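1. got a predicted structure plus its sequence, pasted below:
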Amino acid sequence: MRIRDILDSQGRPIAFEVSTAFLDRRAVRQIVQAIPGARILAYRPYREQLCEFVVSGAAFLVYEAWGESAVYWVGPKQAGWCAQLASVRDAFARARPFLWFVTFRTA
């Protein structure tokens, strides 16, 4: 899956964007559920703030800006870099969406 990293002034990833082209909202939830240690706090399939979840104590959001955007924004709820973003990004990078379901490669 194509991922566009959003970097801070020091070059560290603070969030990322993934295309909505082959990734529906249900697939986003499945990817989040596949993140080791992730716990979904809220899933709102019909809102811009699609999903809230926690990974090892850090809160994250999946957001589809402006309602009908071409990308999902994924990042920590608290702005800035956090170590847990790497495992979140890895789960999205491993996802292989195909129509209405998602499969995962093993590492």
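-> Ah, there it is.
2. quick one: the helices in the protein, in order.
-> 25-33, 85-94 (DSSP state H).
3. from the centroid of this protein, which residue is nearest?
-> When CA atoms, centre = their mean is applied to the chain, the residue found nearest the centroid is residue 74 (4.1 Å).
4. is it correct that residue 66 is in contact with residue 20?
-> No. Assessed by CB atoms under 8 Å, residue 66 is found out of contact with residue 20, at 11.6 Å. In short, each C-beta sits where N, CA and C put it, glycine included.
5. what about the two, which has more around it?
-> Using other CB atoms under 10 Å as the criterion, residue 66 and residue 20 rank with residue 20 on top: 16 against 8.
6. that one and residue 71 touch, don't they?
-> Yes. Using CB under 8 Å, residue 20 is in contact with residue 71, at 6.2 Å.
7. are there residues contacting both of the two? Which ones?
-> Shared contacts of residue 20 and residue 71, defined by CB atoms under 8 Å, 6 or more residues apart in numbering, are found at residue 64.
8. what score does residue 70 have for pLDDT?
-> pLDDT recorded at residue 70 is 89.
9. can you check residue 62 too?
-> Predicted confidence (pLDDT) for residue 62: 96.
10. repeat for residue 95
-> 86.
11. swap in residue 100?
-> At residue 100, pLDDT is 43.
12. cool, and the one 3 residues further on?
-> pLDDT for residue 103: 50.
13. then residue 12?
-> pLDDT recorded at residue 12 is 95.
14. separation between it and residue 2?
-> 20 Å (CB to CB, to the nearest Å).
15. check residue 80 too.
-> According to CB to CB, residue 80 stands 24 Å off from residue 2.
16. nice, that's everything, thank you.
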